[in-house]
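Q: Pasting a predicted model and its sequence here:
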Amino acid sequence: MSEQIRVKIKQLPTGVPGLDEILGGGLPEFSFNIIAGAPGCGKTTLAHQFIFANATVERPALYFTVMGEPALKMLRYQQQFTFFDAAKLNNAVRFVNLSQDLIDGGLQGVLSEISKQVEAANPSIVVVDSFRTVLRSEMHEGKEMAVQTFVQQLAMLLTSWEATTFLIGEYTDSEVRDNPVFTVADGLFWLFQQVDRNSVVRKMQIMKLRGQASVPGLHTFRITEAGLQAFSRTLGLLGQRKTFTKVRRLSTGITALDEMMGGGVPEGDSLLIAGSSGTGKSLIATQFLAAGLRVGEPGIAAVFEERPNEYAARASEFGLDLQTPIADGTLEVIYLRPLDLSVDEMMQEILDAVKRNGAKRLVIDSLAGFEMALAPAFRADFRESLYRMIFALTAIGITILSTLEMPELFTELSFSSYSISFLTDDIIRMRYVEVEGQLCQIIMVVKMRRGAHSREIRQYQITPDGIVIGERFRNYVDLITGIPKPLASLQSEEPSLGRKI
Amino acid sequence: MRTISTEVHERMMRSSDTPTTRELARRLLSHEEQQTSLEFADARAVSRVCDKLRRPLTTMVGAAGFRSLLMRALTLAKQESQELGSFQVKPDGSLEMSHSETGESDIVLVSHLVGLMDTFIGESLTLRLLNDAWPGLPDCELKFERDESK
């Protein structure tokens, strides 16, 4: 068949933010779909969002309720969602109860009433909630064929009447296999709640979708007063990566550090600042944001260990005014500590903030706080999730600075406790060293993926004006172990070493 | 001294019966009383009002759903009016009663029914159903009084 005469399948918006992307553009028109899952996982809400997003007076939605949740209660609760448009009730969105038809006439009674209503209303969308209870009424020995015939007839009826259909049912994972109902369906939406310790995470899977490529795998979703919001597991990974014809260097706000980095942070890079507690990682991050704001580059700070007002107050102690840019929107401080956060939600928050203020710089302070805010189920995949997030955000041209708290070992120097150094383009390490009975601080540029950088280990101090980097530590060795030795003492040992040899 | 039953009774009244629903009920019953069509000649106004609401509500929430609402409304109304003692809700959701004079008790019953509709399906949908059932009734778009203590 040539390209010109191929049937074009229109895609309908689901009304669920993020779900259209997961489905590959939207829901295929006239498709026959099943929303399956355990009670309380959001099946009815998903269907409601879809009907309120698409139903019109000319082509209404028919919502058939059977013996599941009483329609009276369902209407009461669903009205609490912001998408529930009362003006559409009884004209664009019509609720029809089939309980009596099921009691009186069984499957054929239900089919007959659905046919009658569909012919009268000419709906664009039909929902049967709960379809499982319809089938259960006749799901006993010797009736399998009757059930299968009913499903076939219903699918044929609704498709030929040009209705996009959702059948909602409480199914368990094991029931999905070898079930004739699922064979007939064009689309199968599987919703469930994953419990891990005290945390519950909602997930969905598009197990099947005829006619178009959906994103495989499990996607997280959240239910708020606005209804469902889905987060594709490939959020941000699709599409072109922004490339810079000429690599611009962004100032960190600390001249000496810029010099050590060969001119600053390459635009679009991901920079990791690793160091132990109190070494000034957050201060560098704040100075980096402030430097951007001074030259008209909006920023975003994702903070997990202090509230936005505390964050701005701490910056002001170093002479950095964040209140003004926060007030005018050029700086957004995202504070999330729900303990059941997903990386996808965090990423969506950041992407939304980028859309709002056109941010060029992003600070994540800190990765340890970020990990703690995640639901336990997501902590296991933290490294992979971080990879996705960094890739997605740098792809849109944002320069990311993340801070990472490291345990201070006095025998070795590690760069990252998450083994994530490969995820970052550039790494700066800060640490304490003991020199002549005093605790000093040193800073070094460990990695710069896109250019040469200083190999110096330099002393620095935290002052009321921010980080002040001093000279290179010249007269010591083993600085990176934290317990350096004076060079002179080694030189004096050399003759004796020579004698031993 | 206020008894517990008095307090419970008042709280129950607050849940669905308001001056606005009473006024609306009065107008619906008055409108039905004026209907002289042969079709409804034998039916009492309160029966006709409930029946007109039964049809769309049965479609929407099922026969059992409507019957539950009407039974609840009748239970609440009976606590206020002894005259409703003979009223019963039949299995099909229609009203059964022994006497035929319209009185204040009918208003109480319809008021509770409309109030329960407001509680469960919301003001917008309730008013839409009322407008559909009585398209000729002017000013049916009454706003429900909101009791913030609900």
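A: It's in. Residues are numbered from 1 along each chain as shown, chains lettered A, B, ... in the order given.

Q: Tell me which residue is most central in chain B.
A: Nearest to the mean C-alpha position of chain B, counting by CA atoms, centre = their mean, stands B:V110 at 2.1 Å.

Q: Tell me how far that residue lies from chain A.
A: 18 Å (CB to the nearest CB, to the nearest Å). C-beta coordinates here come from the backbone N, C-alpha and C atoms, glycine included.

Q: Is it correct that that residue is in contact with B:R48?
A: No. The pair B:V110 and B:R48 does not pass the contact test of CB atoms under 8 Å, sitting 10.5 Å apart.

Q: Which helix or strand contains the residue nearest to the centre of chain B?
A: Secondary structure assigned from DSSP states H and E places B:V110 in helix B:104-121.

Q: does any part of the very next helix or strand once past that helix sit near chain A?
A: Downstream of helix B:104-121, the first helix or strand assigned by DSSP H and E is helix B:123-133. Yes. Helix B:123-133 lies within reach of chain A by CB under 8 Å from any CB of the partner chain, at B:123-125, B:128-129, B:132.

Q: A:D425: which of these is nearest?
A: B:S124 (54.9 Å; CB to CB).

Q: circling back to that earlier point, got the angle between the helix holding B:V110 and helix B:123-133?
A: Helix B:104-121 runs at 130 degrees relative to helix B:123-133, counting by axes from the mean of the first three to the mean of the last three CA atoms, to 10 degrees.

Q: what mean pLDDT does helix B:104-121 have?
A: Averaging pLDDT along helix B:104-121 gives 92.

Q: so what does that helix touch, helix or strand wise?
A: Using 3 or more CB pairs under 8 Å, 6 or more residues apart in numbering or on different chains; DSSP states H and E, the elements in contact with helix B:104-121 are helix A:71-78, helix B:4-16, helix B:19-34, helix B:45-78, helix B:123-133.

Q: Mind picking the two most distant members of the residues of helix B:123-133 next to chain A?
A: Most distant of the residues of helix B:123-133 next to chain A, by CB to CB, are B:E123 and B:D132, 14.8 Å apart.

Q: Distance-wise, check A:M260 relative to A:A452.
A: 11 Å (CB to CB, to the nearest Å).

Q: Give the full set of residues in contact with A:L351.
A: Taking CB atoms under 8 Å, 6 or more residues apart in numbering or on different chains, we find A:L351 in contact with A:235-236, A:392-393, A:396.

Q: Tabulate those (JSON lines), appending pLDDT, distance to A:A38 and secondary structure.
A: As requested, the contacts of A:L351 are exported to JSON lines (pLDDT from 0 to 100; distance: CB to CB, whole Å; DSSP: H, G, I helix; E, B strand; the rest coil):
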{"residue": "A:L235", "pLDDT": "75", "distance to A:A38": "25", "secondary structure": "coil"}
{"residue": "A:G236", "pLDDT": "66", "distance to A:A38": "30", "secondary structure": "coil"}
{"residue": "A:A392", "pLDDT": "84", "distance to A:A38": "31", "secondary structure": "helix"}
{"residue": "A:L393", "pLDDT": "87", "distance to A:A38": "34", "secondary structure": "helix"}
{"residue": "A:I396", "pLDDT": "86", "distance to A:A38": "37", "secondary structure": "coil"}
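
Q: Also within reach of chain B: list those from those.
A: Okay, of the contacts of A:L351, nothing touches chain B (CB under 8 Å from any CB).
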